[in-house]
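Novice: Model the following, please.
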Amino acid sequence: IAGAIASEISVQKERDRARQLESLYSVAAVIAQPLSFKDKAQMIVDRLASITDADYVALRRVGEIPDDLELVASSNSGSLKFAATIHIPNATFLTRESFITGERFMINDYGVHPGAQQDLVAGGVQSMYFVPIKSGNRALGSISVASNSPNHFDDNHDGLIRAFSNEILSLLNSAEQEEKLLKSQESALESERQNTRVRDGLYRVSRIFAEVGDFNGKAKAALEILLNLASADWATLRVIKESEPGFHLAAAAGLAATASPPIALIAVDRIAKDKAFTEGALTVIDDYAVWPNATQYMIDIGMKSLVFLPITMNERVVGVVSVVSKKNSGFGQKSVDLLTSVADGLGNLLEISILQDKSDIAHKESQRLSEELSRSNQILEDGIITRTQELETARQLAFRGEKLAVIGQLSAGMAHDLRNPLGAIRNATYLLKNELITKGVFEGNAKLNTCIEIIDNQVNKSNQSITDLMDFARLKEATLVETNLDVVLAQALETLSQRDDIDLLKNIEPNIQPVMADGEQLQRVFVNLANNAQEAMPDGGSLTIAAKNVNGTVQITFSDTGDGISQENLEKIFDPLFTTKVKGTGLGLAVCLEIVEGHAGTISVHRNAEPPGGTTFDVRIPAYN
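Specialist: Have a look, this model is predicted:
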């Protein structure tokens, strides 16, 4: 009876473990689905409430205000209402301390705990689990899990909720990256719209310069476009005349100029102190009222910032474009650059008017500006594409890291819970076989022989899977010493069980450079790759193993003549738990990748293009100088 009870308990534990693993896999599947962030969060919260038998679960995320926790998703089987936002400084002691320190709280006597939130106690909460979600030292959110039963949470709940929190961390990181990407894209689109508006304006200016017409009419039309591009209120073009000193009004644009027409002539004594007129210097005035040359007239009509753009010919000032805004500091550097470009065009137009023989200068100048803007836009678009690819790579690496962490956390418990019953099965099978032999009913009974053999094979297979998982979880940090990889490779091949139907070809170049490496770990990589290559050739073939110096690295190559790996699977083979083998665990290549990257190296794979086909793995480790 005791054995039956123990067996039932063991079976129940296995069921619980399988249920928990299924939940974690389902969470990973939810994260991978093309759903909105809130839909994914709600599905994960519902799953967490179900697997922990909790009455309440709340997932919160740090809001735009860092001290605020905003409710993202919740599961509520009772009457409690969750606050939409929790302000951390005003939160209960437990919530505040947990969020600040990063420590989780598991309280099974919440109703009498001095730090309990009274409205939760009044709602029937007896057990509470609170865990903050952090990425490094940066807080991203929190998970609250509550039960109306006392002593609800145990170590299994603790491990499970922590595993869920890791998956939720991945979800929050992914959502954050997607939001940043969206903002970047929106910013880029807004910049593109602005650039398009500028290009369109400059194109219209260029058309004006190229059209037939009088100088004053073209200048007025160009100034109107300039005002629109710079979001300014007033613009004038003044030119010199040989017949009369001073700067004469040639064109004006803007509602302010229409309501209060500018004076026709600025006399020489009025401009003697202004370098824009006397020396051709660009002048930007952010606060017109305090400018020494300000006039009460301009102040009265509301002008607050001003740009003077001189037009010169042969190092002599021949005109000035004035652009005025009713806003303080109305002209940033981009606006000034744009105004300068248009003023240059007006200078060309003025030169055409004066010389009468260079009618194409304005058009060529505007065309040049348009081409420069197009090139700038292309550079911007290329940068957005590159940044998007970088963010996607970072997201994939973060997801893979979380997956590895979960596997490591689960492996130790799985090994203990699985190996004990497997040992019992092996012992029972051995005793059963001996008993059958003693009674004389085993020999000659093919059916009994087959059954015993099946049990032994399955126990061995399960033990090997557990060993692979434990090896993956116990992967230690490499101890790097100066190492000769050709020696490590030779030692690995000595342990290889070579098949008679596979030709082993070696191509080891002389003078292989030493590397800083953990020989035992790399030997494990080489044996794994060689065994995989042999398994890929069930009908025999050839395995070529090569070693050579390549661009400051030592490259070890394993190339087989098997059926090869499909293009679809090439991108997945290093993912933990992914396998195409009937008896594989999906951890061998994941371990190889971890070891090689721990040596600052790389491992790559490709299909062989030349007959007879197959697959090639290249391992590169930096040479030691």
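Novice: what residue ranges in the stretch 301-450 of the chain score low on pLDDT?
Specialist: Scanning the stretch 301-450 of the chain for pLDDT under 70 picks out 345-366, 390, 392-417, 419.
Novice: how about a cut-off of 80?
Specialist: 301, 309, 311-319, 328-377, 380-420, 422-424, 430, 433, 439-444 (pLDDT under 80).
Novice: so where do the helices sit in it?
Specialist: 333-355, 361-438, 446-473 (DSSP state H, counting those that start in this stretch).
Novice: To which secondary structure element is S144 assigned?
Specialist: For S144, the element it lies in under DSSP states H and E is strand 138-147.
Novice: Extract the residue ranges of the stretch 451-600 of the chain that are flagged as low pLDDT.
Specialist: 460-478, 497, 574-588.
Novice: In it, what residue spans correspond to helices?
Specialist: Counting by DSSP H, counting those that start in this stretch, the helices of the stretch 451-600 of the chain are 485-494, 519-535, 567-570, 588-598.
Novice: E381 is nearest to which of the ones you listed?
Specialist: Each of those has some distance to E381 by CB to CB; the shortest is helix 567-570, at 28.8 Å. All C-beta atoms are positioned from the backbone trio N, CA, C, and that covers glycine.
Novice: What residue spans form the domains of this structure?
Specialist: As assigned by automatic domain parsing, the chain contains the domains 2-178, 481-622.
Novice: can you confirm S187 is in a strand?
Specialist: No: using DSSP: H, G, I helix; E, B strand; the rest coil, the assignment for S187 is helix, not a strand.
Novice: What separation is there between it and L587?
Specialist: Remark: distance between S187 and L587 (CB to CB, to the nearest Å) = 42 Å.
Novice: So between these two, which is more surrounded?
Specialist: Neighbour count, other CB atoms under 10 Å: between S187 and L587, L587 has more, with 23 against 11.
Novice: Against which helices or strands is the helix or strand where R47 lies packed?
Specialist: R47 is part of helix 37-52 when elements are defined by DSSP H and E. Under the contact definition 3 or more CB pairs under 8 Å, 6 or more residues apart in numbering; DSSP states H and E, helix 37-52 sits against helix 2-32, strand 56-62, strand 68-76, strand 138-147, helix 155-210.
Novice: least reliable of those going by mean pLDDT?
Specialist: Lowest mean pLDDT within these: helix 2-32, a mean of 60.
Novice: in the helix holding R47, what's buried?
Specialist: Residues of helix 37-52 classed as buried: 37, 40-45, 47-49, 51-52 (neighbour count, 16 or more other CB atoms under 10 Å).
Novice: for these, which one is nearest R426?
Specialist: I51 (31.9 Å).
Novice: Check the gap between that closest one and N463 for me.
Specialist: From I51 to N463 the distance is 28 Å (CB to CB).
Novice: next one: G159
Specialist: From G159 over to N463 (counting by CB to CB), the distance is 24 Å.
Novice: Let me see the contact set for the closest residue to L522 other than its chain neighbours.
Specialist: Among residues not flanking L522 along the chain, V488 sits closest, at 5.3 Å (CB to CB, 6 or more residues apart in numbering). By CB atoms under 8 Å, 6 or more residues apart in numbering, the contact set of V488 is 517, 519, 522-523, 526.
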